[in-house]
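In: Have a look; sequence and predicted model below, questions after that.
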Amino acid sequence: MKRRLLLLLPLLIFLGLGFFFYRGLAMDPSARDSALLSQEFPTFTLSTLEDPDARVDESLLRGEVTLVNVWAEWCPTCKEEMPQLLMLAERGVRLVGINYKDTRTKGREFLDTFGNPFEVNIFDPNGDLGFDLGVYGVPETFLVDADGIIHYKHTGYITPDDVEKVMQEVERSVRDSTG
């Protein structure tokens, strides 16, 4: 009897681990809320994509509701998302980009090809700011209120169907920040 239990023990352990791995793989990481919701945008000092001598910091995100979009030239879904970002910019939404783990040349070529909806592009070649934001894949978009507080996170690219949802979040944040 004891010997049978010892023979079954590895099988039971394997089945238990298999269950937890399967359950973990079935979870949708984009459904997770960001730990940064209701928190200040992380502090940073980085250059802009356009000018290596121009330095910007988190104060760039104060005073006006802003969508911060993390993107990269090497990201195929960023190319799919660009028409929606251009549409949001045309509708008056302030957009700031974070060019993530890219080169200046490739980032600029991307914007020349697909359009540039961003007021400013923060250059994050090592991904440090992306790390502080908890970015685990691009594109990701954050809604920052006029006080620099993150109120919404959109994981993955903004589809044409998502534009109205994002606009509603922007409008709500504008209403909340103006009293």
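Out: Here it is on my side, so go on.
In: Could you look up the SS state of A146?
Out: coil (DSSP: H, G, I helix; E, B strand; the rest coil).
In: Quickly note the distance from it to R94.
Out: Distance of A146 to R94, given as C-beta to C-beta, to the nearest Å: 10 Å. Every residue, glycine included, has its C-beta placed from N, CA and C.
In: more crowded one of the two?
Out: A direct count of neighbours by other C-beta atoms under 10 Å for A146 and R94 places R94 higher, at 19 against 16.
In: for that one, which residues make a bridge with it?
Out: Counting by DSSP bridges, R94 forms beta bridges with T66.
In: Helix or strand: which one has the closest residue to V68 other than its chain neighbours?
Out: Excluding its sequence neighbours, the residue lying closest to V68 (C-beta to C-beta, 6 or more residues apart in numbering) is F142, at 4.5 Å. Using DSSP states H and E, F142 maps to strand 140-144.
In: G63 too?
Out: Using DSSP H and E, no helix or strand contains G63.
In: Quick check: the residue positioned nearest the centre of the chain vs L36, distance?
Out: Central residue of the chain (C-alpha atoms, centre = their mean): E140, 2.1 Å from the mean position. Distance of E140 to L36, given as C-beta to C-beta: 11 Å.
In: hey, what's in contact with both of those two?
Out: By C-beta atoms under 8 Å, 6 or more residues apart in numbering, E140 and L36 have these common neighbours: L133, K153.
In: give the contact list for S177.
Out: S177 is in contact with V65, D145, A146, D147, counting by C-beta under 8 Å, 6+ apart.
In: Who are the contact partners of the last one?
Out: Translated: D147. Neighbour list for D147: R62, S177 [criterion: C-beta under 8 Å, 6+ apart].
In: next one: phi and psi at it?
Out: Per-residue torsions, D147: phi -100, psi 0 (degrees, to the nearest 10).
In: The second one too?
Out: Backbone torsions for D145, taken as degrees, to the nearest 10, come to phi -80, psi 180.
In: I'd guessed it sits against D176; true?
Out: Yes. Judged on C-beta atoms under 8 Å, D145 makes contact with D176 at a distance of 6.9 Å.
In: tell me, what's touching these two both at once?
Out: Counting by C-beta under 8 Å, 6+ apart, the contacts common to D145 and D176 are H151.
In: So which of the two has more stuff around it?
Out: Between D145 and D176, counting by other C-beta under 10 Å, D145 is the more crowded of the two (22 against 14).
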